[in-house]
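Trainee: sharing a sequence plus its predicted fold:
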Amino acid sequence: MDFSLDALRRWPDVEAPDLVAADAADRLILDESAAAGADAPRDRIAVIGDAYGALALGAAAAAPAASGIVRVHQDALTGEQALAANAERVGLPGSVVSLPLSPELLEGSRIVLLRLPKSLDALRDIAGAVAAHADPDVVVYAGGRLKHMTLGMNDVLGEFFATLDVTHARQKSRVLIGRGPRNGRDPEPRRQTHDGLVVCAYGGVFAGTSIDIGTRFLLEHLPEALPDGGTVIDLACGTGVVAAWLARRHPDLTVLATDQSAAAVASARATAAANGVADRVQVRRDDALSAQPERSAAFIALNPPFHSGTAVHSGLAAHLFTDAARVLRPGGELWTVWNSALRYRAELESIVGPTRQVARNTKFTVTVSVRR
């Protein structure tokens, strides 16, 4: 079929002239795997880490028609949504299915296309799962941009595959090709205890099992008493540190923790269980707070991300501020910690409501914004 990566969009993720839906690494992975994929039915192909559908839809377009469905795992919920929208846009609806990083994703796979994650722990989780559940003859095509690749990635893949070939670089991208799966294992969260609080993390989650300094600063300044009359939310919860901390501090409180990252949601659930508050911390995968009704929350805590993949973009925080404003009831409070250089206060004032500074140190600012 007539298929072009140029037709793909990032929507509903942030879009801007300098942010692309497919790049040179996607094209190189598809080109390097083309010979193997030409005769492979779609149901023997698994794709992991595809940002907006370039790999999955490229593989589906090249595979024999009516040969099943390409299985795809993307950590970001917006990636799944973009994949579905792009499949409709390019005339490939029903050719792909989104799944968790699980045996169902990988069983019987002969070809795995992988965008290398930034985190070696995330790569270890993925490679172990592939080695455990894919076909013994599986070939893994793992690629990325040279500026984001390290020799440590070769070492991790070498733990789980008997042979590893390295392609020539093209357009500042490269592909690692793994064969002979071995030492397979399912991902398990890593654990670390901080002043009695257990933090659990699957690979790739921001800050891992540590508590990042921005979150620490936020926890130091959260109020003793929370507003009542609505839901308490840990927005963009990551490993669920704030949700677990709030639930432990307030024994009668139920907290909703949301994140669009599949690894973050799994980590937050594990963190809640490890701290004995799983019955009072509800963890959901969501794009911001899209599943929450208007004017339903009394209190939201937020440490907003500012990376979209490897790109830095301020639009991510604005999206979270806007949804927080929609969900907060009048008089509800948004407590935000942010890198002071980002100067979010005016934006918070405009989107949410009156905003005051609660604390500031050499790097971070904590503010509380009250919904008008």
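Mentor: It's in. Residues are numbered from 1 along each chain as shown.

Trainee: just give me the residue right at the centre of the protein.
Mentor: The residue lying closest to the centre of the chain (Cα atoms, centre = their mean) is residue 261, at 3.3 Å.

Trainee: separation between that residue and residue 84?
Mentor: From residue 261 across to residue 84, the span is 18 Å (Cβ to Cβ, to the nearest Å). C-beta: built from backbone N, CA, C; applies to glycine.

Trainee: what about residue 221, neighbour count?
Mentor: Look at residue 221: counted by other Cβ atoms under 10 Å, it has 14 neighbours.

Trainee: same check, this time on residue 288
Mentor: By other Cβ under 10 Å, the residues close to residue 288 number 22.

Trainee: any idea how far residue 14 is from it?
Mentor: Residue 288 is 12 Å from residue 14, where distance means Cβ to Cβ.

Trainee: identify the contacts common to those two.
Mentor: By Cβ atoms under 8 Å, 6 or more residues apart in numbering, residue 288 and residue 14 have these common neighbours: residue 319.

Trainee: give me the nearest residue to residue 150, chain neighbours excluded.
Mentor: Closest residue to residue 150 apart from its sequence neighbours, by Cβ to Cβ, 6 or more residues apart in numbering: residue 120 at 7.8 Å.

Trainee: let me fix that: residue 185
Mentor: Among residues not flanking residue 185 along the chain, residue 128 sits closest, at 4.3 Å (Cβ to Cβ, 6+ apart).

Trainee: quick one: residue 291 is in a helix?
Mentor: No - Residue 291: not assigned to a helix; according to DSSP: H, G, I helix; E, B strand; the rest coil it is coil.

Trainee: leaving out sequence neighbours, find the closest residue to it.
Mentor: Using Cβ to Cβ, 6+ apart and skipping the chain neighbours, the partner closest in space to residue 291 is residue 284 (6.6 Å).

Trainee: can you report how many residues lie near the residue nearest to residue 185?
Mentor: 21.

Trainee: pretty sure it is touching residue 181, no?
Mentor: No - Residue 128 lies out of contact with residue 181 (Cβ atoms under 8 Å); the separation is 9.6 Å.

Trainee: quick check: the closest residue to residue 116 other than its chain neighbours vs residue 354, distance?
Mentor: With Cβ to Cβ, 6+ apart as the criterion, residue 116 has its nearest non-adjacent residue at 3.8 Å, and that residue is residue 144. Using Cβ to Cβ, residue 144 is found at 44 Å from residue 354.

Trainee: who has more neighbours out of those two?
Mentor: residue 144 (25 against 11).

Trainee: who are the packing partners of the strand or helix carrying the more buried one?
Mentor: Assigned by DSSP states H and E, residue 144 belongs to strand 139-145. Applying 3 or more Cβ pairs under 8 Å, 6 or more residues apart in numbering; DSSP states H and E, one finds that strand 139-145 makes contact with helix 24-32, strand 111-115, helix 151-160, strand 173-181.

Trainee: looking at this, residue 192 is in a helix?
Mentor: No - Residue 192 is assigned strand when assessed by three-state DSSP, not a helix.

Trainee: need the contact list for the closest residue to it other than its chain neighbours.
Mentor: Excluding its sequence neighbours, the residue lying closest to residue 192 (Cβ to Cβ, 6+ apart) is residue 209, at 3.7 Å. Going by Cβ under 8 Å, 6+ apart, residue 209 touches 190-192, 199-201, 239.

Trainee: show me how to select, in PyMOL, the buried members of the residues you listed.
Mentor: Selection of the buried residues among the contacts of residue 209 in PyMOL, burial being defined by 16 or more other Cβ atoms under 10 Å:
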select buried, resi 190+199+200+201+239
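
Trainee: reformat the contacts of residue 209 as a markdown table; add pLDDT and distance to residue 30.
Mentor: As requested, the contacts of residue 209 are exported to a markdown table (pLDDT from 0 to 100; distance: Cβ to Cβ, whole Å):
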| residue | pLDDT | distance to residue 30 |
| --- | --- | --- |
| 190 | 98 | 33 |
| 191 | 98 | 38 |
| 192 | 98 | 39 |
| 199 | 98 | 38 |
| 200 | 98 | 36 |
| 201 | 98 | 32 |
| 239 | 98 | 34 |
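
Trainee: in the lengthiest strand in the chain, what's buried?
Mentor: The longest strand of the chain (DSSP state E) is strand 328-339. Neighbour counts using 16+ other Cβ under 10 Å place 328-329, 332-338 of strand 328-339 among the buried residues.

Trainee: can you check stretch 227-239 too?
Mentor: Here stretch 227-239 shows 227, 230-239 as buried, counting by 16+ other Cβ under 10 Å.

Trainee: go on, stretch 17-30?
Mentor: Buried residues in stretch 17-30 (16+ other Cβ under 10 Å): 20-30.
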